[in-house]
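# coordinates only, sequence not included:
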């Protein structure tokens, strides 16, 4: 009884303090009512014209890694976009300065975790040029075979995850099935499925084992059909077509200004491929085409990458046919470990082995920038040598990092759903962006 | 790559009307390199980009390096590419480290930003600023890009120690210095 009375009293006092529950006829309440109505309407804006800034990521499944995006929206249209990165920064470049040259190789592989062979080639190629080491032809061919396999593997992961973003779930499983075959091949030749450390300064770590060639030929025979199957799944998929056609257009000139390379640039109709224009290793020996798009929308980017897989298969087949016999690593004992069996008989080999393993080789003071064509564009490696056995500076020009600059141009003006598609077609690997 | 005589011609072309722009030319490992006075870096880049017979219109990479203990200490490298002739040229601006005034706030080396000439340099200049503390004057949005915004120090400089920052675990989160910041 007493409780109820108390509660009533409390209600009364609250009502007295709260203007909203006051008698509606009082002038203060009228004023407040008017104010709140005006607030609801906003300063002459329709609800879909209001500007809303939202944060997306870093942990969002459609950002393909830990990319954070600050997106300004007007209704459902993107009017501004700012990528924020660095969540995966691990200081690899700084750590490389504290490692001897051959210990840097496994480090740099881990930047872009889908194109590790390319990072190895960029670094090893750069160091080989600095010390003037010529690598044997068989090593060049083996490198090309592994890099092209890696290109297919990277494109498969891209295709699977991007199609997944666009709602085609089943494609992911098919793509990863083929990717697994490639990883099996990597395991055969190097012992590791990812981050193989297969390339060495001077060549490759080991010759390919018995059975590798047969398995690779089986894969090459199968892969073009499989690519056709992916095409059949997507090319007549109305949802996929509507979401990719004429979306994310950037003119070719703007792409070049922004330093964009790789499939993005080729999709806009620019046939720029370092493998063709500057044939490093032995790319000059092979007959392959550079697929280009016409308008540079999401659909062209998809077509270019699919066609690139077919061309990579052709390169691998030609490389297998023309695979030269001979050593797979250079014979210069100052830079390359002597073979194991030599250690038992040769004093010099033992000394070289000891020197290479404890201190590593020294590189005369010089600097060089060397670029290769990775699945995402121009992957450049800058090495500054100061005469010691450790590099004074290793810098990677990662294509994902530079290509990300065109993301704003791609997405502004489009719908928020399109910008998921754009990000997928851009194919940034955040490990490479942040290094 | 332009060959060694070609590089001298380029150096002469840049010098025309702007004496003292090119400090040094070098040609090694098949790579042509120009050392340019940092005050005239934009002139050199504009000349290389806009002279019709040069046409180095694509900036493939911009990166900085620390040459400690040499002076000048820092260098900003521009790897230019002519896509028509598939030739690369390296342009290098050497920068002094202006630090030295005691008691005052650390002053940073400065260089003109080339974002106007090459929009691709935007992220890469931010990266150079982030890791080396090189200030690009005229850059539209010069902030840290990969390190946290509130980070103190320039981590890729040679005198910045590796492992200078303690790794926080639950057992040392109290003892580790500045853990609460």
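Perfect, I can see it now. Source: prediction; values computed, not measured.

# Could you use CA atoms for every contact and neighbour count after this?
OK.

# hmm, which helix or strand of chain A has the shakiest average pLDDT?
helix A:2-17 (a mean of 47; mean pLDDT, DSSP states H and E).

# what's the weakest-modelled helix or strand in chain B?
Bottom-ranked secondary element of chain B by mean pLDDT, DSSP H and E: helix B:4-15, a mean of 80.

# and the residue nearest to residue A:316 when sequence neighbours are not counted, how far is that from chain B?
In space, not counting the residues next to it along the chain, residue A:316 is nearest to residue A:145; the distance is 5.3 Å by C-alpha to C-alpha, 6 or more residues apart in numbering or on different chains. Going from residue A:145 to chain B by C-alpha to the nearest C-alpha, to the nearest Å gives 25 Å.

# Pull the number of nearby residues for residue A:288.
18 (other C-alpha atoms under 10 Å in any protein chain shown).

# wait, doesn't it sit right on residue A:313?
No. Assessed by C-alpha atoms under 8 Å, residue A:288 is found out of contact with residue A:313, at 9.7 Å.

# joint contacts of these two?
Counting by C-alpha atoms under 8 Å, 6 or more residues apart in numbering or on different chains, no residue touches both residue A:288 and residue A:313.

# Where does pLDDT dip in the chain?
Using chain A here. Within chain A, the stretches with pLDDT under 70 are A:1-48.

# actually it's chain B I care about, not the one you picked
Short version for chain B, where the test is pLDDT under 70: B:1, B:99-106, B:164-167, B:173, B:176-181.

# So which bits of it are right by chain A?
B:29, B:31, B:58-61, B:63, B:65-66, B:79, B:86, B:118-121, B:123-124, B:145-148, B:155-156, B:162 (C-alpha under 8 Å from any C-alpha of the partner chain).

# buried sites along the least confident helix or strand of chain B?
B:4, B:7, B:8, B:10, B:11, B:13, B:14, B:15 (16 or more other C-alpha atoms under 10 Å in any protein chain shown).

# now stretch B:151-163
Applying 16+ other C-alpha under 10 Å to stretch B:151-163 flags B:154, B:155, B:156, B:157, B:158 as buried.

# ditto for stretch B:112-127
B:113-115, B:117-127.

# Need the residues that contact stretch A:186-201.
A:102, A:105-106, A:109-110, A:113, A:116-117, A:120-121, A:124-125, A:127-128, A:143, A:146, A:183-184, A:204-209, A:212, A:329, A:335-336.

# And residue A:199, its phi and psi?
The phi/psi pair for residue A:199 (degrees, to the nearest 10) reads phi -80, psi 140.

# same question, the one 10 residues further on
With angles defined as degrees, to the nearest 10, residue A:209 sits at phi -80, psi 170.

# and it, how many neighbours?
Residues near residue A:209, counting by other C-alpha under 10 Å: 10.

# Spatially nearest residue to it (excluding sequence neighbours)?
Leaving aside its sequence neighbours, residue A:209 sits nearest to residue A:189 (C-alpha to C-alpha, 6+ apart; 6.1 Å).

# quick one: what helix or strand has that neighbour in it?
Assigned by DSSP states H and E, residue A:189 belongs to helix A:170-190.

# so what strands line up beside the helix or strand that that helix is followed by?
Next in sequence after helix A:170-190, counting helices and strands by DSSP H and E, comes strand A:199-200. Strand A:199-200 pairs in its sheet with strand A:203-204 (antiparallel), by DSSP bridges.

# could you give the angle of the next helix or strand after the partner strand to helix A:170-190?
Moving toward the C-terminus from strand A:203-204, the first helix or strand encountered (DSSP H and E) is helix A:212-235. Interaxial angle, helix A:212-235 versus helix A:170-190 (axes from the mean of the first three to the mean of the last three C-alpha atoms, to 10 degrees): 170 degrees.

# hmm, who's touching helix A:212-235?
A:171, A:178, A:181, A:185, A:188-189, A:240-241, A:306, A:309-310, A:313-314, A:316-317, A:320.

# Of those residues, which count as buried by neighbour count?
Using 16+ other C-alpha under 10 Å as the burial test, the contacts of helix A:212-235 include A:171, A:178, A:185, A:188-189, A:240, A:306, A:309-310, A:313-314, A:316-317, A:320 as buried.

# And the strands in the stretch 251-400 of chain A?
Here the stretch 251-400 of chain A has its strands, by DSSP state E, counting those that start in this stretch, at A:366-374, A:377-385, A:391-397.

# Quick one: distance of the shortest one to the chain centre.
For strand A:391-397, the distance from its own C-alpha centre to the chain's C-alpha centre is 19 Å (C-alpha atoms, centre = their mean, to the nearest Å).

# I am finished for the moment; much appreciated.
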